[in-house]
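Asker: Sequence isn't available, so here's the structure alone:
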């Protein structure tokens with residue numbers, strides 16, 4: 001399960017090209033590519049620009065006519081597949097803090 005408290009980031013070895021509302025992601029290390037339809041592309045865009053997957057989910061539920069639980073499940077499944085294929089990686093939003101001096 002993908003932790004929704006984390007954010008996703010695009011590794012340096014991944015290229016993305018947008019074509020007519022859809023996208024193609026290429027993992028330069030494995031030379032494998034992954035196609036996203038318009039919905040998957042929008043999920044990618046929001047997820048990679050949000051502070052966390054929870055924030056991305058909140059944004060996307062406002063955009064799509066779908067039950068929040070279904071959107072969350074679809075987003076989790078897409079993110080898990082992209083992470084598994086090395087096209088995204090998780091980054092903890094809990095970076096800690098230092099006391100003020």
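Answerer: Cool, the structure landed. Being a predicted model, the structure only gives us computed values, none of them experimental.
Asker: tell me the mean pLDDT over the helix or strand that contains residue 54?
Answerer: In this structure, residue 54 sits in helix 53-63 according to DSSP states H and E. Regarding helix 53-63, the rounded mean pLDDT is 97.
Asker: so for stretch 90-101, what's the average pLDDT?
Answerer: Per-residue scores along stretch 90-101 average to 61.
Asker: coming back round to it: what lies in contact with the very next helix or strand once past the helix holding residue 54?
Answerer: Counting by DSSP H and E, the element after helix 53-63 in chain order, helix or strand, is helix 68-84. For helix 68-84, the external contacting residues (CB atoms under 8 Å, 6 or more residues apart in numbering) are 1-2, 4, 8, 25, 34, 40, 43-44, 47, 53, 56-57, 60-61, 64, 66, 88-90. For glycine as for every other residue, the C-beta is placed from the backbone atoms N, C-alpha and C.
Asker: now the helix holding residue 54 and helix 68-84, what's the angle there?
Answerer: Taking axes from the mean of the first three to the mean of the last three CA atoms, to 10 degrees, one finds that helix 53-63 is oriented at 130 degrees with respect to helix 68-84.
Asker: separation between residue 4 and residue 69?
Answerer: 13 Å (CB to CB, to the nearest Å).
Asker: which of the two has more neighbours?
Answerer: Between residue 4 and residue 69, counting by other CB atoms under 10 Å, residue 4 is the more crowded of the two (17 against 9).
Asker: What residues does the more buried one make contact with?
Answerer: By CB under 8 Å, 6+ apart, the neighbours of residue 4 are 52, 53, 54, 57, 72, 76.
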